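# Attaching a predicted model along with its sequence, questions to come.
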Amino acid sequence: MSTFKIGGVHPKDNKIYSAHQPIVECPLPQKAIIPLAQHIGAPAKPVVQKGDKVKVGQLLAEAGGFVSAAVHSGVSGTVTKIDTTIDAWGMKMPAVFIDVEGDEWMPEIDRSSDVIREFKLEPKEIIDRIAKAGIVGLGGACFPTHVKLCPPPGQKAEVLIVNGVECEPYLTCDHQLMLEHGEEIIIGIKLVMRALGISHAIIGIEKNKPDAIARMTELTKKTLGIEVRPLKLKYPQGGEKQLIDACINRQVASGALPISTGAVVDNVATIYAIYEAVQKNKPLISRVMTVTGKSVKQPGNYLVRFGTPLSQVVEMAGGVPEDTGKIIGGGPMMGRAMNNIDMPAHKRTSGLLFLPEDESRRGEVENCIRCGKCVSACPMGLEPYLLSRQSELKMWDEMEAHNVMDCIECGCCQFTCPSHRPLLDYVRSGKATVGGIIRARQAAGK
Amino acid sequence: MKNLIVAPAPHAHSGDSVRKNMLLVIAALLPAYAVSLAAFGWGALITTLISIAACCATEWVIAKWVLKQQPTLCDCSAILTGLLLAFNLPSNLPWWIVVVGAIVAIGVGKMTYGGLGQNPFNPALVGRVFLLISFPVQMTTWPLPQGFSGSYVDAATGATPLAAMKQIVKNGDMSLMDKLPDLQDAFVGFMGGSLGEVSALALIAGGIFLICMRVITWHIPVSILATVAAFAALSAPAGMCPCQYTALTLLTGGIMLGAFFMATDYVTSPMTGWGKIIFGVGIGLLVMVIRTWGAYPEGMSFAILIMNATVPLLNKIRPRRFGEVVKK
């Protein structure tokens, strides 16, 4: 069984709470707030105005550039205002505010549960539909998917790697999606393979999901070119570079794009969204998210329309547990701690995790004992102890020379540090400064 | 809603701690300590207790009154230093010499640099070498194993197998051959020597435990032992089977204690795999050079301290970066 070659850690996966909970649809809100920057890149430009009536699936804002994504309405009703809001990650951004009235869908969307297998579209048409549907990587980065499917000149895709790893502890939404919508995912994979003009796809799944491995293997039996690759359990296997290494044994060089290895990586949830967009005309207006935690009453996997306040999703799961100390958007390794749950669900909210008070605080920081565990744990082969010290001392040039820009911020170093040192805090802030310096230098050089 | 805690990711931790690592090393030393008690009786018990108590007291006093910090005895590192110092002393050492050693180990070896994590040299070895140079007679008078019978201070003493080996190697004095222990004795224990190094078996068991618990990695012990073995096999004195010489070299003196417990000290060893291997090979070479041509019959402490000084340099060796060798 394969895995990535450098570093990695083994956090307790804690998936038992919400694993195998069937996907349940979350009821519609009365008021929806739909942020216009739910992706990496330029925010989308609104095409609706105050007072407009909108339907479910209607375009609210078009892509603000090539690296950007369209935003559609998850509800039907009247636009009350277009204003700034603070999203679930604490970022200020423009948003469309809608008073919800009924549940009226755009007529061209196929809402039936029939699986549509046939397609005759040309690659170009598939990519156009994906772009129009506002699809972004649902694994966490929210990079616009159509950009990934158009390799830059000189680069050629050879293999599609489908990310069913879900290496973040607690989260189970991708797992459940594979169990319930495996067939649609396979059709989605075929669509992407056609769009890229390739004949080989690998579905990477960690071995802690044996039923998903079995289900997908069964579905791929009769399909030429698609194989399921069970992977050893190790975090951060779901990282794009780590997954490419694990599946095809090639490592993306420092500063290069993943496509340089010939691989395109898409999450299973993204693939499912592609199926819905191309075969059912349904833009990306909802996603499955996991609501979980040791003390959550009904942990589970919920299908949530974007714009629904997270508090409403939490009600479905039995409300905020008494002992909550920290609420995390996403998983415990890379997710963001939130200060309230009134913000709306959007493309990036893969989960809500409630940590009890006693697990919410960091350990007391002690001196670095130079054990080197952070160095062994770093999946990028960096020296976190050194980078964090350099960041403390503002040694930006040295940080750049020690490849800080390769850091994927997975948190392995801080997770493993016996002295509870805030390694990633320092590395992350140093990386932001070094990134700024590099961009300024490039701008000056032009 | 009540107040929520907000902090950047990661929100999970492995549960590892400095204290846990120290306690695991102490646990790994216990089998060897049990053998020491059986071999040296009261001497082993009293020397160890004095050493630990003096190390802790020194750390507390310096932290509290000199550095004006919160003393960090809870991390158990002073206890470990005390235990390791005792392991490196003859068990019949007068109590006040043990105290001097502990004060030098913690006071000079650790706290002058700023406490845990800051010291370039292994504190226990700093203490031991200071004593070896200051009290050469007491530090090289090795009691014979006799268990708990009799008084430990004036226990019968005798030459260690290492001293005999040194004579054989240096002077070709083959009459000393019968002074060498048979291999089984050397492996299980019950030879004269430092308090903690009597049983290679118990030390190896402890070392393997540490590797399995992921407290240490294999790099340093394996590279030390391999280098020593290779050197010994090639330099065996005429008239002695190279196999026997190699085995005796590995099993006697401080090689096992040094390779598994002294050289692997986090603070004073390199961070990366290759750095650790070079560090281990360096120790292996130095200890054999000292044993073969030096004035002392044993050179493990010196070898480790010398290699400690190279650690900042060895830490410049970078780990292999992800994607550094691009496979085509």
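Thanks, I have the structure now.
# who in the stretch 151-300 of chain B is up against chain A?
The stretch 151-300 of chain B comes close to chain A at residues B:217, B:266-267, B:269-273, as judged by Cβ under 8 Å from any Cβ of the partner chain. Placement of C-beta: from N, CA and C, glycine included.
# Quick check: helices, which of those residues are part of them?
residue B:273 (DSSP state H).
# which two from the residues of the stretch 151-300 of chain B next to chain A end up farthest apart in space?
The span of these, defined through Cβ to Cβ, is set by B:267 and B:273 at 17.8 Å.
# The two: which is more packed in?
residue B:267 (22 against 17; other Cβ atoms under 10 Å in any protein chain shown).
# Please report phi then psi for the more buried one.
Backbone torsions of residue B:267, given as degrees, to the nearest 10, read phi -60, psi -30.
# In contact with it, which residues?
A:369-370, B:116-119 (Cβ atoms under 8 Å, 6 or more residues apart in numbering or on different chains).
# roughly how far apart are it and residue A:380?
25 Å (Cβ to Cβ, to the nearest Å).
# buried subset of the contacts of residue B:267?
Those of the contacts of residue B:267 that meet the buried threshold are A:369-370, B:116-117, B:119, by 16 or more other Cβ atoms under 10 Å in any protein chain shown.
# Looking at these, spot the one nearest residue A:241.
residue A:370 (27.4 Å).
# got a list of what the nearest residue in space to residue A:162 that is not next to it in sequence touches?
Spatial nearest neighbour of residue A:162, excluding adjacent residues (Cβ to Cβ, 6 or more residues apart in numbering or on different chains): residue A:203 at 4.3 Å. With contact taken as Cβ under 8 Å, 6+ apart, residue A:203 is in contact with A:162, A:164, A:189, A:216, A:220, A:226-229, A:268.
# Phi and psi next, for the residue nearest to residue A:29 when sequence neighbours are not counted.
Take residue A:29 and drop its neighbours on the chain: the residue closest to it by Cβ to Cβ, 6+ apart is residue A:308, 4.7 Å away. The phi/psi pair for residue A:308 (degrees, to the nearest 10) reads phi -70, psi 130.
# Does residue A:308 touch residue A:98 like I think?
No: using Cβ atoms under 8 Å, residue A:308 is not in contact with residue A:98, being 11.1 Å away.
# Name the residues contacting each of the two.
In contact with both residue A:308 and residue A:98: residue A:32, using Cβ under 8 Å, 6+ apart.
# Measure how buried residue A:114 is and give me the count.
8.
# First-to-last residue distance for stretch A:56-70?
One end of stretch A:56-70 sits 14 Å from the other (Cα to Cα, to the nearest Å).
# Going by neighbour count, which residues of that stretch are buried?
Those would be A:56-61, A:63-64, A:68-70, for stretch A:56-70 by 16+ other Cβ under 10 Å.
# Tell me how far the nearest residue to residue B:123 once chain neighbours are set aside lies from chain A.
Leaving aside its chain neighbours, residue B:123 sits nearest to residue B:109 (3.4 Å; criterion: Cβ to Cβ, 6+ apart). To chain A, residue B:109 is 15 Å away according to Cβ to the nearest Cβ, to the nearest Å.
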